[in-house]
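J.: The amino acid sequence is not available; the structure is as follows:
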């Protein structure tokens, strides 16, 4: 399997339908959708069960006690079967050729073992880029450099080699607090 598309979710049942429909429309079909429900109480489980019953996508659904986004990421990396790991939040969606386009660019670099993944632009529904563009169409850089050296702003899509993120987990801080 080429991609694991991972969606962490918590009480966002109403947003998942749009993402589900965008994944159904993908021109590239070799992917699994891995949903980690971080303790939702709003009917998210029942909504995902509807998707599962339709059998239109390969979906893996896991419900776990609320533990935060990084724990959900780490849980997902252990369950991922795709060679490449992409996170799409529950309020995201892809254009029809999203996965196909990512794969097209990735093929240029996949044999370079020094590259752990790639970033790509995110847009609003009207096509406007969220934040700023990259300084070049294609460049090899670290994520730190992209934001700090080149001053790129805004949310960007990220894809990683699954084997790398299985080895190097997302950091979890026990006393970390979020504003709700």
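T.: All right, it came through fine. This is a predicted model, so every value here is computed, not measured. Numbers count the residues shown, from 1 in each chain.
J.: And residue 61, how far from residue 18?
T.: Taking CB to CB, to the nearest Å as the criterion, residue 61 is separated from residue 18 by 17 Å. Glycine gets a C-beta too; all of them are placed from N, C-alpha and C.
J.: Compare these two and say which is more crowded by neighbours.
T.: residue 61 (17 against 13; other CB atoms under 10 Å).
J.: Now do the same for residue 61: helix, strand or coil?
T.: Following DSSP: H, G, I helix; E, B strand; the rest coil, we place residue 61 in the strand state.
J.: cool, the one 4 residues further on as well?
T.: Under three-state DSSP, residue 65 falls in the coil class.
J.: same check, this time on residue 85
T.: strand.
J.: Skipping adjacent residues, who's closest to it in space?
T.: Using CB to CB, 6 or more residues apart in numbering and skipping the chain neighbours, the partner closest in space to residue 85 is residue 162 (4.5 Å).
J.: Give me the neighbour count for that neighbour.
T.: 22.
J.: give the contact list for it.
T.: 4, 77, 80, 82-85 (CB atoms under 8 Å, 6 or more residues apart in numbering).
J.: Ok, residue 75 next?
T.: Contacts of residue 75 (CB under 8 Å, 6+ apart): 36, 62, 64.
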